[in-house]
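*Asks:* just the structure for this:
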Amino acid sequence: MVRARSASKSSIGCSRRCARSTTCSVTRPRASPEPPLNRETRPSRSTRLGPRCAVVLAGRRSSDDPLAAAAGAPHRALLDIEGEPMLVRVVERLLGWPSIERVLINIDTPELVGAEAAFTTRLASGEIELLTSTDSPSRSVLESLDAVGLEAGTILVTTADHALLDDEILEAFFRTSEEQESDLSFALVPRESIEARFPEARRTYLRFRDGDFSGANLFLFRTPESRRAALFWRRVESQRKHPWQIARAFGLMNLLLFATRQLELDSALARASKVIDAQVTAIRIGIAEAAVDVDKIEDLELVRRVLAERHGS
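*Replies:* Next comes the predicted model:
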């Protein structure tokens with residue numbers, strides 16, 4: 001029987017990433033040689049781009065999932081993508097990245113993961129660990145961060161429905177994140193990149209004075225201070241039935257400026273960083289596939305079509 005680990009324990013080690021500067025954007029990057037290792041600021045083992053640990057969020061708020069039911073899957077994370085469960089696909093892509101050695105899967109039904117034959121060896125070796133999720137996304141993130149331990153280094157957080165995640169996306173995100181001086185960096189995809197690649201796709205956008213952006217479900221928690229962002233999210237989530245409390249938390253002027261699109265993205269994040277008390281920066285990635293997550297049947301069909309095109313079938 002596979003046991004989900006306790007959130008109070010921390011045994012997964014991650015290397016701290018130290019070379020950082022300011023925010024910038026990435027558009028369809030090509031792999032390039034890594035810069036020389038600065039041994040004064042990086043541990044000797046940190047010779048590979050990216051973190052050593054990743055968290056995959058796979059929990060459901062309810063077992064009543066129309067998408068999983070329609071696809072005949074026992075869990076949304078186990079939707080079939082080219083003959084393999086979506087969660088397996090994401091985890092294998094992460095463990096295939098040179099720097100990532102451990103993946104913590106946060107899921108409401110760890111027994112389903114333990115039953116996956118594709119994970120048997122990796123669970124036994126400790127490459128994969130399990131943590132039972134809660135009904136609160138923010139609390140699941142906090143418990144995952146604490147289980148891994150930010151004191152040990154940078155942690156990547158992504159989701160089980162990031163079905164098109166690949167090396168190109170990870171390369172773009174990790175390489176540009178290396179140039180940031182921030183506690184937390186996260187990926188956004190410009191609207192024009194998405195509409196040029198997938199004109200029929202319906203996406204939710206964050207609207208700023210300098211453009212519209214869609215989330216890419218990639219978050220790099222780089223320092224212990226980055227945990228404050230998850231704590232703030234938890235605070236907002238707990239007050240979701242009290243809009244004025246949320247407004248007070250963010251600041252009325254900040255919300256007004258955002259609502260009227262008076263703020264550029266970087267300016268908005270600078271204001272948010274002051275509220276959260278942790279420096280947060282965005283990584284702009286011009287790769288439309290990075291913004292695709294599987295929330296509805298149209299998303300699943302899109303993912304399958306993209307992969308079929310890649311394989312020429």
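
*Asks:* what's the biggest strand by length in the chain packed up against?
*Replies:* As assigned by DSSP state E, the longest strand anywhere in the chain is strand 211-221. Judged by 3 or more C-beta pairs under 8 Å, 6 or more residues apart in numbering; DSSP states H and E, strand 211-221 is in contact with strand 155-159, helix 167-177, strand 184-190, helix 191-197, strand 206-208, helix 227-238, strand 280-285. C-beta: built from backbone N, CA, C; applies to glycine.

*Asks:* closest one to Asp295 among the ones you listed?
*Replies:* Closest approach to Asp295 among these (C-beta to C-beta): strand 155-159, 10.2 Å.

*Asks:* now do the closest one: distance to the chain's middle.
*Replies:* 4 Å (C-alpha atoms, centre = their mean, to the nearest Å).

*Asks:* touching it from outside, list them.
*Replies:* Applying C-beta atoms under 8 Å, 6 or more residues apart in numbering, the contact partners of strand 155-159 are 14, 50-51, 53-58, 90, 94, 100, 141, 144-145, 148, 165, 217-221, 293.

*Asks:* in strands, which of those residues fall?
*Replies:* Of the contacts of strand 155-159, the ones assigned to strands by DSSP E are 53-57, 217-221.

*Asks:* out of the residues you listed, which comes closest to Ala152?
*Replies:* Cys53 (7.8 Å).

*Asks:* okay but the closest one is in contact with Trp97, surely?
*Replies:* No. Cys53 is beyond contact range of Trp97, at 11.4 Å (criterion: C-beta atoms under 8 Å).

*Asks:* more neighbours: which of these two?
*Replies:* Using other C-beta atoms under 10 Å, the more surrounded residue of Cys53 and Trp97 is Cys53, with 28 against 20.

*Asks:* do you know how far that one is from Glu127?
*Replies:* Cys53 is 11 Å from Glu127, where distance means C-beta to C-beta, to the nearest Å.

*Asks:* can you check which residues contact both of the two?
*Replies:* 101-103.

*Asks:* quick one: these as a markdown table, columns for pLDDT and neighbour count too.
*Replies:* Supplementary listing: these in a markdown table, determined by pLDDT from 0 to 100; neighbours: other C-beta atoms under 10 Å:
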| residue | pLDDT | neighbour count |
| --- | --- | --- |
| Glu101 | 96 | 18 |
| Arg102 | 97 | 23 |
| Val103 | 98 | 24 |
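
*Asks:* related to what we said a few turns ago, in the ones in strands among the contacts of strand 155-159, find the pair that's most separated.
*Replies:* Farthest apart among the ones in strands among the contacts of strand 155-159 - using C-beta to C-beta - are Cys53 and Asn217, which lie 16.9 Å from each other.

*Asks:* residue ranges with poor pLDDT in the stretch 151-300 of the chain?
*Replies:* Within the stretch 151-300 of the chain, no stretch has pLDDT under 70.

*Asks:* right, and Glu82 touches Arg304 too?
*Replies:* Yes. Counting by C-beta under 8 Å, Arg304 is a contact partner of Glu82 at 7.5 Å.

*Asks:* now the closest residue to Thr204 other than its chain neighbours: how far from Gly50?
*Replies:* Using C-beta to C-beta, 6 or more residues apart in numbering and skipping residues adjacent in sequence, the residue nearest Thr204 is Ser214, 6.7 Å away. Distance, Ser214 to Gly50, by C-beta to C-beta: 23 Å.

*Asks:* quick one, which of the two is more surrounded?
*Replies:* Legend: neighbour count by other C-beta under 10 Å for Ser214 and Gly50, higher for Gly50 (24 against 21).

*Asks:* for the more buried one, give me the pLDDT.
*Replies:* We have a pLDDT of 94 for Gly50.

*Asks:* pretty sure it sits against Ile169.
*Replies:* No. In this structure, Gly50 is not within contact of Ile169 by C-beta under 8 Å, at 11.7 Å.

*Asks:* brilliant, that's me finished.
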